[in-house]
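1. Next come a sequence and a model predicted from it.
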Amino acid sequence: MPALDDFHRLVQDEHVRRYLMDGQIFPREWSEQRIIESAALFDRRGVGLWLVHDNESGEIVGFCGFLEQLGFRTVATQPGSFGDLLRLTLED
């Protein structure tokens, strides 16, 4: 799994943990599971997580994308609107 080390290093970063992980430190197995889930989501829906690289240095500077989470569902919106990408709402 080529991206595992890079992704895991990112989610161990203090600032990433502060803003995205509620300060928690997750084990390598957690990172591996997120990558597996992302690959499955790409297979099902054509979206998932991407690593973001600096154009000049090639250094990995972050990640972005979509995850599925329990308790949420995706809702289609009007074509051409800002919400065209995806809007998540709590399930009833």
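-> Sure, I can see it. Numbers count the residues shown, from 1 in each chain.

2. who touches the nearest residue to D6 once chain neighbours are set aside in this structure?
-> Nearest non-adjacent residue to D6, counting by CB to CB, 6 or more residues apart in numbering: I60, 4.9 Å away. Just so you know, the C-beta spots here come from the backbone N, C-alpha and C atoms, and that holds for glycine as well. By CB atoms under 8 Å, 6 or more residues apart in numbering, the residues touching I60 are 6, 9-10, 51-54.

3. Can you convert those into JSON lines and add a column each for neighbour count and distance to R45?
-> Shown next, in JSON lines, are the contacts of I60 (neighbours: other CB atoms under 10 Å; distance: CB to CB, whole Å):
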{"residue": "D6", "neighbour count": "14", "distance to R45": "23"}
{"residue": "R9", "neighbour count": "12", "distance to R45": "27"}
{"residue": "L10", "neighbour count": "20", "distance to R45": "23"}
{"residue": "L51", "neighbour count": "14", "distance to R45": "19"}
{"residue": "V52", "neighbour count": "12", "distance to R45": "20"}
{"residue": "H53", "neighbour count": "13", "distance to R45": "23"}
{"residue": "D54", "neighbour count": "10", "distance to R45": "28"}
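
4. Distance-wise, check G62 relative to Q12.
-> Distance, G62 to Q12, by CB to CB, to the nearest Å: 13 Å.

5. Quick check on those two: which one has the bigger neighbour count.
-> In this view G62 and Q12 are compared by other CB atoms under 10 Å, and Q12 has more residues nearby, 15 against 12.

6. wait, isn't that one in contact with G23?
-> No. Checked against CB atoms under 8 Å, the pair Q12 and G23 is beyond contact range at 11.9 Å.
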